[in-house]
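# quick one, structure for this:
(one chain, ligands or ions: 1)
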Amino acid sequence: MQNTMKALVINKPTKAEDVKLTDYPIPKVKSGWVLVKIRSFGLNHSEQILRLEEISAPYIQKPVIPGIECVGEIADASDSYFKVGQKVIALMGGMGRSFNGSYAQYALLPVHHVFSIESNLSWEELGAIPETYFTAWGSLVECLHLQKGDKLLIRGATCALGYAAISLAKAMGAFVIATTHRENKIPLLEKTAVDKIILDDGSLKDKNFRVDKALELVGAKTLLDTMKIIKPSPQAYVCHTGILGGVYSLDDFDPIKDIPNSVYLTGFFSNYPSQQTIDDIFNFINEKKIKPYIGKIYDFNDLRQACIDQDSGNVNGKIVIKVA
Ligand SMILES: NC(=O)c1ccc[n+]([C@@H]2O[C@H](COP(=O)([O-])OP(=O)(O)OC[C@H]3O[C@@H](n4cnc5c(N)ncnc54)[C@H](OP(=O)(O)O)[C@@H]3O)[C@@H](O)[C@H]2O)c1
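Numbering: from 1, shown residues only. Next comes the predicted model:
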């Protein structure tokens, strides 16, 4: 095996135009970590935040190879139970933040954040799944306890996570209402299985509809308004998962007055995947024949262009990078 690989390595805020692959040593395995040959990975909103600003934060390793998720094959199993060549996905747990991530040909990853999968999907299709479908699944199943027939709002649906949540929620039998803050995105939502589309002007509480449950992807900017359109019931859940609106916390939050009576507020954090949940997701995807919603696929050598397109927001759906 060669000693070096191509990778994106950053140590300061980096505009997409300055993204450049460099030669970097292929990491050497150590106990409890496995070497993964990366076949594809998806781009995430949180990686964009890391590349543009969060890289300056003291808790980020510097320099760092970004990338919080990947799919690939075990290249060196180290002292783990994996076999060389086994198909795996990996996500989170500090990947691309406190240790090097997936914008590379190989990644050295802690064994407890690497999961085996059974799937006939292509590497590109698989690249759209780990972080996005794990987060959509966790929000809908673990947090919202979504049931057949539930009326679900997905606020800020025109992101990779939104499209994934629409397809999973529809496959679970929910009635799905999706919002976009851009009129020109309505035709894109119309191409999905969504039941109703609402143009979001920032206030839904005065519009004439109510839902059982809501997946909040715009975040703190709209959360209080979202909670006001939930029908009171023993299963009136709101899950705060996204921060697309760029507001990360609530000032002067008054739980007594801001959370309506009998509405339950929860949040999902994708940092704790498990083999059991990954198996549940892939069993569901395989059984329901769900095809991941991909915005655009790029070759690894075109990572710079993919980041430019990510920053300009002109790709709809998951951006997937094909590594080999
Ligand atoms: N809690 C967790 O563990 C977790 C895990 C994964 C992701 N997330 C969060 O979930 C959100 C989606 O992530 P992603 O990776 O799927 O995003 P993404 O695919 O990169 O989507 C970004 C797109 O969202 C769209 N968007 C929709 N509503 C928006 C609004 N109100 N304000 C600004 N942009 C809006 C924008 O396009 P238009 O403006 O053109 O519609 C933007 O291009 C992010 O906030 C991310 O940080 C959270």
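
# so the residue nearest the centre of the chain, which of the three states?
For the chain, T132 is the residue whose C-alpha lies nearest the centre (Cα atoms, centre = their mean; 3.1 Å). Applying DSSP: H, G, I helix; E, B strand; the rest coil to T132 yields a three-state assignment of helix.

# any idea of the pLDDT on it?
pLDDT for T132: 97.

# again, but for N208
Per-residue pLDDT puts N208 at 88.

# next, count neighbours for it.
4 (other Cβ atoms under 10 Å). Every C-beta, even on glycine, is put in place using the N, C-alpha and C of the backbone.

# against K221, how distant is it?
22 Å (Cβ to Cβ, to the nearest Å).

# what of R97?
Taking Cβ to Cβ, one finds R97 at 24 Å from K221.

# do D79 as well
Using Cβ to Cβ, D79 is found at 46 Å from K221.

# looking at the two, which has the bigger crowd around it?
Ranked by neighbour count (other Cβ under 10 Å), D79 and K221 place K221 first, with 18 against 11.

# sec struct for that one, please.
Here K221 is coil, with the state taken from three-state DSSP.

# OK, contacts around it?
Going by Cβ atoms under 8 Å, 6 or more residues apart in numbering, K221 touches G202, G245, G246, V247.

# ChimeraX command to pick out the buried ones of those residues?
Command for ChimeraX, covering only those of those found buried under the criterion 16 or more other Cβ atoms under 10 Å:
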select :245
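
# and the furthest pair within the contacts of K221?
G202 and G246 (13.1 Å; Cβ to Cβ).

# so E183 is in contact with L199, correct?
Yes - counting by Cβ atoms under 8 Å, E183 touches L199, with 5.8 Å between them.

# those two: which has the busier surroundings?
Ranked by neighbour count (other Cβ under 10 Å), E183 and L199 place L199 first, with 12 against 8.

# how about the helices in the stretch 1-150 of the chain?
Counting by DSSP state H, counting those that start in this stretch, residue ranges of the helices within the stretch 1-150 of the chain are 45-52, 123-127, 130-137.

# no, scratch that, I was asking about the stretch 151-300 of the chain
Remark: helices assigned in the stretch 151-300 of the chain by DSSP H, counting those that start in this stretch are 160-171, 186-190, 223-227, 255-258, 275-288.

# let me see the mean pLDDT of the longest one.
Mean per-residue pLDDT for helix 275-288: 97.

# for that helix, buried residues please.
Neighbour counts over helix 275-288 (16+ other Cβ under 10 Å) mark T277, I278, I281, F282, F284, I285 as buried.

# tell me the helices and strands packed up against it.
strand 114-116, helix 130-137, helix 160-171 (3 or more Cβ pairs under 8 Å, 6 or more residues apart in numbering; DSSP states H and E).

# ditto for the second one
Counting contacts by 3+ Cβ pairs under 8 Å, 6+ apart, the secondary-structure elements packed against helix 186-190 are strand 175-180, strand 196-199.
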